[in-house]
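Undergrad: Next input, structure requested:
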Amino acid sequence: MAEALVTHRPTAVVIGAGASGLFAAAALTDFADVTVIERDRLPDGPEPRRGVPQARHAHLVWSGGVKAFDDLVPGLTGDIVARGGRLVHIMGDMVSRAPNEVWFRRFTSTHHRNLVCSRDLLDFVLRHRVLADERITLREETTVLGLEGDATAVTGVRIRTGGEERVLRADLVVDASGRGSRAPQWLTGLGAPGVTEREVNAGVAYATRLFHAPEATRGTGFPLVNVQANPAKAPGRGGIILPIEGNRWIVTLAGTRGGEPTDDPDAFVDFALALDDPVIGELVKGLEPLGDVMTTRATANRRRYYERVKRWPDGFLVLGDAVAGYNPVYGHGLTVAAQCALAVRDTLSATGLGRPGLARRLQHVAARPVAGAWDLAVGQDAQYPGATDTRPNAVERLLARFVDKAVETGARNPRAMGALLDVMSLERPATRLFSPDMLIPMVVGPRRPHLQGPPLTDAERKSAMP
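TA: You can find the predicted model right below:
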C-alpha cells in the first residue's frame, strides 16, 4: 500500500492582536497556519483593553475601510451593525464644518457610507470573527523579545510566556504591534540597515466624554455633528458628536498647542461652547455624562519608511501603526490597516509564501495605502506652527492647497463632493481630485451662497435640546 503523502502548511507569526494584527491574520489564513502573539489578556466582551488608549475617543471607518473590512472578513460590517453599530451616509447623516469654515451641504447622491460605533464594539466583533478560525492560534500574555535570523532572513521570534522563554519558528513574521513597535531596533540588531522616520506633530490633544443621548434622539438616526479645526487660526480647535450603540453619544474635543482641552469635567462643555461655532456645546449642555473626561496627546503623524530599506530581510513584514500612525482626527488608521492587509492577501494569492524577495514586495504593496493617508494628513497638519522640523515637500504643499479648494467646492456641489469623498475615504488616489467632477465646478464657481450656520433641521435641533 502506498504511503499517504504528508504536506505541511507554511507558518506565520503575527505580533499584536489589535485591529492591524487581526486583519493581517485574516489575510494570511489561506496561505499559512497563523499564531497571533498578544502581550495582554483580551477581554471577553466589548470592553476597553490595555494597549489601545485611543479607543476611548471617537472613531469612524471610511467607506474604503468598510469595503476592505468585508473583503477580508465577509459579513464583518453587518455583524457590527447587528450589535448596534451604524452605517451613516456621508453627507446626508452628517452635519460638518470643514477646516476652511464652510458648512457642507447635506445630500444623499454619493455612495459613501461610514461605519460608526465604539472602538470596543468594533474590536470585540473583529476578535470574535477572526479568532474563531481554526487556522489561527492565539497566545495571550506573551511578549516578543526579538527576531530570530540575520540581515538576510527572519526565521522566527523569541517569546516569553510567564517565566518561560522559547523560540517560535515561522516562514513569515508580521509586526503589527502598533506605535510602540521595536522593529527598527530588532532589524539593526540583526545587522540590517536603519529605517528612515518622519514625524509631523500638530500638537493636538484630545478630550472625550460619554453622555446619555437625549431621549428624543434615540433610534432616530441623529446625525454626526463635526466642527473641524481651522489650521489658519492657531490654536486650532474642533470637536465631534458621535451617536453610538447603547443610546450614547461620544463627544470628543480637540485643540492644538496653546488651545488644548483638559480632563477637568467642569471645563468640558465650556470648551465646546467656545469653538468657532458653539453647536456641539449647545447640544451637549445639560446632558447626563457617563464617566470621567479621558485625554490623550499621542496624536502625532509618524511614519517609518520600511519600503525604502535597500536590503530587506526575507520572512519579515511590518504593518499598521508600526509603519505609520496618523492624527486620529482624520479617521484613517483602521481603513489603512485593513487595506494593507488586503494588499498582502492579494499579492500572496498570486505568489504564495516562500519565494525569495517576497517580503520586500509585500512591504512595498502595503506602503501604497499608507502613502495616500499620509499625504492627506500631513498636508493639513504641517500647516500648524511647530508641527514639524521638516518643511512639507512640494507635493504635500500642493495637495494641501488643492484639498482646501476641493473642500470649498464640494461644500456646494454634490458631484465635486463625491470626488472629494472618493479620496478622503481612501477609495481612490488623490488624482481623483483632478477629474472633471471637481475641476468644472471649481472653474464655474458657486451656484448658491455658502451655508452660514450648522444645517441641522429644526426637528433635529429640537429633539437634541435637553
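Undergrad: For the residue nearest to the spatial centre of the chain, give me its contacts.
TA: Relative to the mean C-alpha position of the chain, the nearest C-alpha, by Cα atoms, centre = their mean, is the one of Gly333, at 1.7 Å. Contacts of Gly333 were listed using Cβ atoms under 8 Å, 6 or more residues apart in numbering, and they are 320-321, 325-326. Glycine gets a C-beta too; all of them are placed from N, C-alpha and C.
Undergrad: can you pick the most crowded of the residues you listed?
TA: Within those, Gly320 tops the neighbour count with 30 neighbours, counted by other Cβ atoms under 10 Å.
Undergrad: nearest residue to that residue other than its sequence neighbours?
TA: Nearest residue to Gly320, sequence neighbours excluded (Cβ to Cβ, 6 or more residues apart in numbering): Ser20, at 2.6 Å.
Undergrad: ok, and what's touching the worst-scoring helix or strand of the chain on mean pLDDT?
TA: Within the chain, judged by mean pLDDT, DSSP states H and E, the helix or strand with the poorest mean is helix 394-410; its value is a mean of 75. Defining contact as Cβ under 8 Å, 6+ apart, one finds that helix 394-410 is touched by 98-100, 102, 104, 375-376, 378-380, 382-383, 392, 416-417, 419-421, 423, 430, 433, 438, 441-442.
Undergrad: buried sites along it?
TA: By neighbour count, and taking 16 or more other Cβ atoms under 10 Å as the criterion, the buried residues in helix 394-410 are 396, 399-400, 402-404, 406-410.
Undergrad: now the residues you listed in a markdown table, with distance to Val81?
TA: Converted to a markdown table, these look like this (distance: Cβ to Cβ, whole Å):
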| residue | distance to Val81 |
| --- | --- |
| Glu396 | 36 |
| Leu399 | 33 |
| Ala400 | 35 |
| Phe402 | 35 |
| Val403 | 30 |
| Asp404 | 34 |
| Ala406 | 30 |
| Val407 | 29 |
| Glu408 | 33 |
| Thr409 | 32 |
| Gly410 | 27 |
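Undergrad: Alpha carbons of the longest helix anywhere in the chain, in PDB - could you do that?
TA: With secondary structure taken from DSSP state H, the chain has its longest helix at helix 358-381. Taking only C-alpha atoms (Å, rounded to 0.1, in the frame of the first residue of the first chain), the coordinates of helix 358-381 have been written out as PDB:
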ATOM      1  CA  LEU A 358       8.600  38.200  -1.400                       C
ATOM      2  CA  ALA A 359       8.700  40.100   2.000                       C
ATOM      3  CA  ARG A 360      10.200  43.100   0.300                       C
ATOM      4  CA  ARG A 361       7.400  43.100  -2.300                       C
ATOM      5  CA  LEU A 362       4.800  42.800   0.400                       C
ATOM      6  CA  GLN A 363       6.300  45.800   2.200                       C
ATOM      7  CA  HIS A 364       6.100  47.800  -1.000                       C
ATOM      8  CA  VAL A 365       2.400  47.000  -1.700                       C
ATOM      9  CA  ALA A 366       1.500  47.700   1.900                       C
ATOM     10  CA  ALA A 367       3.000  51.100   1.600                       C
ATOM     11  CA  ARG A 368       0.600  52.300  -1.100                       C
ATOM     12  CA  PRO A 369      -2.500  52.700   1.200                       C
ATOM     13  CA  VAL A 370      -0.100  54.200   3.800                       C
ATOM     14  CA  ALA A 371       1.100  56.900   1.400                       C
ATOM     15  CA  GLY A 372      -2.400  58.100   0.400                       C
ATOM     16  CA  ALA A 373      -3.500  58.600   4.000                       C
ATOM     17  CA  TRP A 374      -0.100  60.100   5.000                       C
ATOM     18  CA  ASP A 375      -0.200  62.800   2.300                       C
ATOM     19  CA  LEU A 376      -3.700  63.800   3.300                       C
ATOM     20  CA  ALA A 377      -2.900  64.100   7.000                       C
ATOM     21  CA  VAL A 378       0.500  65.700   6.700                       C
ATOM     22  CA  GLY A 379      -0.700  68.200   4.100                       C
ATOM     23  CA  GLN A 380      -3.100  69.600   6.700                       C
ATOM     24  CA  ASP A 381      -1.100  69.200  10.000                       C
END
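Undergrad: and Gly64, what element?
TA: Under the criterion of DSSP states H and E, Gly64 resides in helix 63-72.
Undergrad: same question, Val36
TA: Since the elements are taken from DSSP H and E, Val36 ends up inside strand 33-37.
Undergrad: How about Val443?
TA: When the helices and strands are read off by DSSP H and E, the one containing Val443 is helix 436-444.
Undergrad: The chain: helices as residue ranges?
TA: Assignment of helices within the chain using DSSP H yields the ranges 19-28, 63-72, 76-82, 119-131, 183-189, 265-273, 279-284, 333-351, 358-381, 394-410, 414-424, 436-444, 458-464.
Undergrad: Deepest in the core, which of these is it.
TA: Neighbour counts (mean count of other Cβ atoms under 10 Å) averaged over each of those peak at helix 19-28, with a mean of 28.
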